[in-house]
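A.B. asks: need a 3D model of the sequence below.
(one chain, ligands or ions: 1)
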Amino acid sequence: MKVSFLDLRGPYLELKDEIDQAIHRVVNSGWYILGEEVDAFEDLYAKYCGAAHCVGVANGLDALHLGLLALGVGPGDEVIVPSNTYIATWLAVSHTGAVPVPSEPDRGTCNINPVDIESIITSRTKAIIPVHLYGQPADLDPILEVARRYGLKVLEDGAQAHGARYRGKRIGAHGDAVAWSFYPSKNLGALGDGGAITTNSSEIAAAVRLLRNYGSRKKDGNEVKGFNSRLDPLQAAVLSVKLKHLDEWNSRRRYVARQYLQKLVDLDLLLPNVPEWAEPVWHLFVVRSRTRDELRAVLNAREIATMIHYPVPPHLQPAYADLGFVRGAFPISEEVHETVVSLPIGPHVTDSEVEAVVNAVRDACL
Ligand SMILES: *Cc1c(COP(=O)(O)O)cnc(C)c1O
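C.D. replies: Predicted coordinates:
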């Protein structure tokens, strides 16, 4: 049985009538930049996240970048980032002129380990970016506590965690701000690029609003050297439709994750560890295997797609050669990158697909 990694068309087909209507509404409105559709989505998403404000931007990288600028991060600053993350988290720091300072992950969750953060704080440290990686919330309380003690800002990277909860409360306003991506494959995905910032701070929200639109509050007034990074109203309209279904889609992901956790437990595989305070939304289901290439080959032969998130850590990418990190600089992250495999998961994975994946993984591991 052929199993694709993620069915990107499934969500559209399930909501085709509603999404088509939303798209036609925007096309017929004659209004194609910002405006009512973007405002409406921002209100809905802020409420969903339990945040006072949401500001839509063009993509997740810009959400991180403009979020850091709004927090006052710039040249000469250091920002603590996970050594194990998608490179966007680091790039946003670099684009402000600040330097990313990596911190190693916890071995069980692969998320930033709060215990290590304090030891790398310097007089230049300005902010911390915890990433809620694979849809699993980072351990925010100890991170926020260290940040308070040292006067640091906290910008969360929520790109993989729409709807996840930390100690019962939705990700959206624990730190100073949260950066979101609505890249099509995310749990809440647009039909193209999209992003947002959520925050309880009216100052941060106002700063991002300026930055996303040429530094302009009103026509022909430019208060700061801003960017063009606006959430497209077509995407906002689609996202407003999809948001209504996010909880149900996340619970379908949870159901798939439960099957994998139960049916693969006895194998020589490291399954994701879920701390008791975490309610993950399973953006990815990442297992670790010392023989992952063999495991992937068995699944591949049965036409079951897998992926690696991510094969090369940011500190070993050519883009970061300037920081001078060598192999071995972040051994936990490197071990994670060398052993991870992501199994198919999504709201449109069927029971028989789960069964095919489970059987193939079992056959490969026994
Ligand atoms: C997807 C992603 C981003 C970037 O989002 P884009 O919308 O593709 O720019 C940032 N951080 C993490 C952890 C992501 O997974």
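A.B. asks: give me every residue in the stretch 51-200 of the chain lying close to the ligand.
C.D. replies: 59-61, 85-86, 88-89, 131, 157, 159-160, 181, 183, 193, 195 (CB under 6 Å from any ligand atom). From N, CA and C alone the C-beta is placed, and that goes for glycine too.
A.B. asks: can we see that at 5 Å?
C.D. replies: Those residues of the stretch 51-200 of the chain that sit near the ligand, judged by CB under 5 Å from any ligand atom, are 59-61, 86, 88, 157, 159-160, 181, 183.
A.B. asks: tell me which of those residues is nearest to Arg209?
C.D. replies: Asn59 (16.5 Å; CB to CB).
A.B. asks: so that closest one touches Gly195, yeah?
C.D. replies: Yes: using CB atoms under 8 Å, Asn59 makes contact with Gly195 at a distance of 4.5 Å.
A.B. asks: who's more crowded, these two?
C.D. replies: The neighbour count for Asn59 versus Gly195, taken as other CB atoms under 10 Å, is higher for Gly195 (29 against 22).
A.B. asks: show me where pLDDT drops low in this protein?
C.D. replies: The chain contains no residues with pLDDT under 70.
A.B. asks: what are the ranges of the helices in it?
C.D. replies: Secondary structure of the chain by DSSP state H: the helices cover 10-14, 16-29, 36-49, 60-70, 88-95, 114-117, 140-150, 202-212, 233-243, 246-263, 292-301, 331-339, 351-365.
A.B. asks: so which of these is the most surrounded?
C.D. replies: helix 60-70 (a mean of 28; mean count of other CB atoms under 10 Å).
A.B. asks: name the residues that touch that one?
C.D. replies: 57, 79, 88-89, 91-93, 95-96, 98, 127, 129, 155, 157, 159, 177, 179-183, 186, 195-197, 203-204, 207-208, 211-212, 227, 229 (CB atoms under 8 Å, 6 or more residues apart in numbering).
A.B. asks: how far off centre is that helix?
C.D. replies: In terms of CA atoms, centre = their mean, to the nearest Å, the centre of helix 60-70 is set 13 Å apart from its chain centre.
A.B. asks: stretch 110-125 now?
C.D. replies: 20 Å.
A.B. asks: cool, and stretch 217-231?
C.D. replies: That offset, for stretch 217-231, works out to 26 Å (CA atoms, centre = their mean).
A.B. asks: does Gly10 touch Glu353 like I think?
C.D. replies: No: with contact defined as CB under 8 Å, Gly10 and Glu353 do not form a contacting pair (11.6 Å).
A.B. asks: how is the chain partitioned into domains?
C.D. replies: 9-243, 246-365 (automatic domain parsing).
A.B. asks: show me what contacts the spatially most central residue of the chain?
C.D. replies: In the chain, the residue lying closest to the centroid (CA atoms, centre = their mean) is Ala159, at 2.0 Å. Ala159 makes contact with 60, 63, 86, 88, 131, 179-181, 183, 186, according to CB under 8 Å, 6+ apart.
A.B. asks: nearest to the ligand, of the residues you listed?
C.D. replies: The shortest approach to the ligand among these belongs to Gly60, at 2.3 Å (CB to the nearest ligand atom).
A.B. asks: re the thing from before, export the domains of the chain as JSON lines, with columns for distance to Val3.
C.D. replies: Listed next are those as JSON lines, based on distance: least, CB to CB, whole Å:
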{"stretch": "domain 9-243", "distance to Val3": "13"}
{"stretch": "domain 246-365", "distance to Val3": "4"}
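A.B. asks: I am finished for the moment; much appreciated.
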